[in-house]
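> predicted model and sequence below, questions to follow.
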Amino acid sequence: MSKTSVKFQFPCQKTENVTPDIMIKMVSTSVILALLFTVPALGIFLGIYWHTDNLMMGIIIGFTVHFITLGFSHPISQSISSFFDS
């Protein structure tokens, strides 16, 4: 039996054009965005739940904060990317 390997390739870009600098920038921007979207919402949810014992209020406010930060994802991503460009 032969194993087939799947190559990671961008649709509009050949893999030869992807430098390690681009990959580092993509990974670090993605990690920072993931932390910015999840940590505040989880912190607010857990804080409200632990202090008030009200699960529904924690869920509603946590989801609201999460989706508000998702609404600002494009400007946040651009500012993080520009930070790594300099």
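Here it is on my side, so go on. Numbers count the residues shown, from 1 in each chain.
> what about residue 45, neighbour count?
The tally of other residues near residue 45 (other CB atoms under 10 Å) stands at 20. C-beta coordinates here come from the backbone N, C-alpha and C atoms, glycine included.
> skipping its backbone neighbours, what lies nearest it in space?
Closest residue in space to residue 45, ignoring its immediate chain neighbours: residue 62 at 3.1 Å, by CB to CB, 6 or more residues apart in numbering.
> ok, now residue 29?
For residue 29, the spatially nearest residue (CB to CB, 6+ apart) is residue 80, at 5.0 Å.
> for that neighbour, helix, strand, or coil?
helix (DSSP: H, G, I helix; E, B strand; the rest coil).
> the helices in this protein, which residues?
Assigned by DSSP state H, the helices in the chain fall at 20-52, 55-71, 73-85.
> I'd like the ones you listed as CSV, with mean pLDDT appended.
Below are the helices of the chain laid out as CSV (pLDDT from 0 to 100):
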stretch, mean pLDDT
helix 20-52, 91
helix 55-71, 93
helix 73-85, 86
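> from residue 66, how far out is the most centrally placed residue in the chain?
Nearest to the geometric centre of the chain sits residue 34, at 2.6 Å (CA atoms, centre = their mean). Separation of residue 34 from residue 66 (CB to CB, to the nearest Å): 12 Å.
> do residue 78 as well
Distance, residue 78 to residue 66, by CB to CB: 20 Å.
> and the two? Which one has more around it.
residue 66 (17 against 11).
> show me the contacts for the more buried one.
37-38, 40-41 (CB atoms under 8 Å, 6 or more residues apart in numbering).
> at 10 Å what do you get?
Counting by CB atoms under 10 Å, 6 or more residues apart in numbering, residue 66 makes contact with 37-38, 40-42, 44-45.
> which one of these is nearest residue 74?
Of all the contacts of residue 66, residue 74 sits closest to residue 37, with 12.6 Å by CB to CB.
> what's the overlap in contacts for residue 34 and residue 66?
By CB under 10 Å, 6+ apart, no residue touches both residue 34 and residue 66.
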